[in-house]
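Asks: below is the sequence, then the predicted model.
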2 protein chains.
Amino acid sequence: MASYKYKLYYFNARGRAEPARWMFAQAGVEYEDVRLAGEKWIAKKPDMPFGQMPALEVTDSSGKSHLIPQSRAIERFLAKQFGLAGKNEFDIARADFLNEYFNDIFQKIVFNKKDPDYEKKCKEFDEFLPQALEKLEPFVRDGGYFLGKELSWADIVFSVLTDILIQVKDSNVLDKTPKLKKLRQSVCDQPKIAEWITNRPKTDF
Amino acid sequence: MASYKYKLYYFNARGRAEPARWMFAQAGVEYEDVRLAGEKWIAKKPDMPFGQMPALEVTDSSGKSHLIPQSRAIERFLAKQFGLAGKNEFDIARADFLNEYFNDIFQKIVFNKKDPDYEKKCKEFDEFLPQALEKLEPFVRDGGYFLGKELSWADIVFSVLTDILIQVKDSNVLDKTPKLKKLRQSVCDQPKIAEWITNRPKTDF
């Protein structure tokens, strides 16, 4: 593992930065969890690639900084750094396509209650979600995780996603997919992740 | 480069499979360009991960097959195989986050003319697109490509995306971002890609 210094920039929220935070926790790697709001964010925005957060600032041993925006690009970078990407190229591709699929689910979650189509979109999501989870269930391997016995970023990203699903839907959302439910529990029971969940800043999302 | 046999499954369209096809062309690697419709697709759908296309079937030298769904996971896998991913971990992350950004643009393109919000969404896209391209322009490096002198999958995916933008918008869509315009032309002028564009099956999208 290269010796880098990390700063993770995001709003004071779990949102699209939380999977990276779980990955830092699991790897036991220090980072600065920078949470920007209001004036501070407006002042920082022009420095951020595409004016976006989350963004990960990686400073290498020569002191050079690299800014990586886009949550999945950040997660993929950290997965490689932390040994959470998969052991061979087909497992790496598997973790990768699973994460693309999780994003398909994430993007259909209806957050905006002021959307005039809120009820319609919620109904569509209620129909879509059980089918999506059912399609995902067979991808849990015998070892209990998506890649087998070895924990990967796919397991972590999925478990953070289910946090949101539990919040916007209900706590039984994984009851019909027992392998996924167990996988999530195994991730949340990882001591360092459990510690992060207990101690993290309390935010609405 | 490992010795694999490739089959790319998709509909008879450019769509989400076309970047992979350009990558095969550029790398000069043979593959079977399987285009499914109607009954044939319905028969094949249950074999596809999540029931989705595109999907890439990779058969290794032992005869074992691996199915990779999700366009960006396919492209990322091929990029590594074909030396189009980037030379170091920060360039790899750069190509990666650029591709995430291209996808943000792609997802906002309004294809469905029957959508009751078609006009509204088109107007939003017309406002969004020039800003998105303007933000992207400084990411072209001095060498002419996103990573510098070296062609990467980021250049290819962007150039395929602009094909769609030119089709749904107009041929001058890159006129205000000269570096992006030049980058696209350089990609399309690659002899093997130019040959593919000339000889590929003619489809609406």
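Replies: Alright, I've got the coordinates. Numbers count the residues shown, from 1 in each chain, chains lettered A, B, ... in the order given.
Asks: please make it C-alpha for all contacts and neighbour counts, starting now.
Replies: Noted.
Asks: now residue A:203: how far from residue B:188?
Replies: The gap separating residue A:203 from residue B:188 is 48 Å, by C-alpha to C-alpha, to the nearest Å.
Asks: more crowded one of those two?
Replies: Shown here are residue A:203 and residue B:188; by other C-alpha atoms under 10 Å in any protein chain shown, residue B:188 has more neighbours (19 against 9).
Asks: give me phi/psi at the residue located most distally from the centre of chain A?
Replies: The C-alpha centroid of chain A is most remote from residue A:62, which lies 29.4 Å away (C-alpha atoms, centre = their mean). Main-chain dihedrals, residue A:62, degrees, to the nearest 10: phi -80, psi 0.
Asks: same question, the one 5 residues further on
Replies: According to degrees, to the nearest 10, the main-chain angles of residue A:67 amount to phi -100, psi 120.
Asks: what's the answer for residue A:4, then?
Replies: phi -120, psi 160.
Asks: what segments of chain A are helices?
Replies: A:18-27, A:38-44, A:71-81, A:89-108, A:118-136, A:153-168, A:178-188, A:191-199 (DSSP state H).
Asks: any idea of the mean pLDDT in the fifth one?
Replies: Averaged over helix A:118-136, pLDDT sits at 95.
Asks: pull the distance from that helix to the chain's centre.
Replies: 20 Å (C-alpha atoms, centre = their mean, to the nearest Å).
Asks: restricting to C-alpha, output it in CSV.
Replies: Written as CSV, here are the backbone C-alpha positions of helix A:118-136 (Å, rounded to 0.1, in the frame of the first residue of the first chain):
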residue,chain,number,x,y,z
TYR,A,118,-43.4,11.7,-6.1
GLU,A,119,-46.2,9.2,-5.5
LYS,A,120,-46.0,7.8,-9.0
LYS,A,121,-42.2,7.4,-8.7
CYS,A,122,-42.5,5.8,-5.3
LYS,A,123,-45.0,3.3,-6.6
GLU,A,124,-42.6,2.4,-9.5
PHE,A,125,-39.8,2.0,-7.0
ASP,A,126,-41.9,-0.3,-4.8
GLU,A,127,-42.4,-2.5,-7.8
PHE,A,128,-38.8,-2.3,-9.0
LEU,A,129,-37.0,-2.9,-5.8
PRO,A,130,-38.1,-6.4,-4.8
GLN,A,131,-37.3,-7.6,-8.3
ALA,A,132,-33.9,-6.0,-8.3
LEU,A,133,-33.0,-7.6,-5.0
GLU,A,134,-34.3,-10.9,-6.1
LYS,A,135,-32.0,-10.7,-9.2
LEU,A,136,-29.1,-9.8,-6.9
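Asks: got the buried residues for it?
Replies: A:122, A:125, A:129, A:132-133, A:136 (16 or more other C-alpha atoms under 10 Å in any protein chain shown).
Asks: what is it packed up against?
Replies: helix A:89-108 (3 or more C-alpha pairs under 8 Å, 6 or more residues apart in numbering or on different chains; DSSP states H and E).
Asks: let's see 10 Å
Replies: helix A:89-108, helix A:178-188 (3 or more C-alpha pairs under 10 Å, 6 or more residues apart in numbering or on different chains; DSSP states H and E).
Asks: would you reformat those helices as a markdown table and include distance to residue A:167 and mean pLDDT?
Replies: Below are the helices and strands packed on helix A:118-136 laid out as a markdown table (distance: least, C-alpha to C-alpha, whole Å; pLDDT from 0 to 100):
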| stretch | distance to residue A:167 | mean pLDDT |
| --- | --- | --- |
| helix A:89-108 | 13 | 96 |
| helix A:178-188 | 15 | 98 |
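Asks: so residue A:203 touches residue A:13, yeah?
Replies: Yes. With contact defined as C-alpha atoms under 10 Å, residue A:203 and residue A:13 form a contacting pair (5.6 Å).
Asks: test my guess that residue A:202 contacts residue A:196.
Replies: No. Counting by C-alpha under 10 Å, residue A:202 stays clear of residue A:196, with 11.2 Å between them.
Asks: what does chain A have sitting close to chain B?
Replies: A:49-51, A:58, A:66-74, A:76-78, A:80-81, A:89-101, A:131-136, A:138-139 (C-alpha under 10 Å from any C-alpha of the partner chain).
Asks: the residues you listed, buried ones only, as a ChimeraX selection?
Replies: Buried subset of these, written as a ChimeraX selection, criterion 16+ other C-alpha under 10 Å:
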select /A:49,50,58,66,67,68,69,70,71,72,73,74,76,77,78,81,90,91,92,93,94,95,96,97,98,99,100,101,132,133,136,139
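Asks: still on that earlier bit, could I get the helices and strands packed on helix A:118-136 as a markdown table with distance to residue A:149?
Replies: Shown next, in a markdown table, are those (distance: least, C-alpha to C-alpha, whole Å):
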| stretch | distance to residue A:149 |
| --- | --- |
| helix A:89-108 | 12 |
| helix A:178-188 | 11 |
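Asks: nearest to residue A:17, out of those?
Replies: The minimum distance between residue A:17 and those falls on helix A:89-108, with 13.4 Å, by C-alpha to C-alpha.
Asks: put the alpha carbons of the closest one into CSV.
Replies: C-alpha atoms of helix A:89-108 as CSV (Å, rounded to 0.1, in the frame of the first residue of the first chain):
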residue,chain,number,x,y,z
GLU,A,89,-9.4,-9.7,-13.0
PHE,A,90,-12.8,-11.6,-13.1
ASP,A,91,-13.5,-10.9,-9.5
ILE,A,92,-12.5,-7.3,-10.0
ALA,A,93,-15.0,-7.1,-12.9
ARG,A,94,-17.6,-8.8,-10.8
ALA,A,95,-17.3,-6.3,-7.9
ASP,A,96,-17.4,-3.6,-10.6
PHE,A,97,-20.5,-4.7,-12.4
LEU,A,98,-22.3,-5.3,-9.0
ASN,A,99,-21.5,-1.7,-8.1
GLU,A,100,-22.9,-0.5,-11.4
TYR,A,101,-26.1,-2.4,-10.6
PHE,A,102,-26.3,-0.9,-7.0
ASN,A,103,-26.1,2.5,-8.6
ASP,A,104,-29.0,1.6,-10.9
ILE,A,105,-30.9,0.9,-7.7
PHE,A,106,-29.7,4.0,-5.9
GLN,A,107,-30.6,6.3,-8.7
LYS,A,108,-34.2,5.1,-8.6
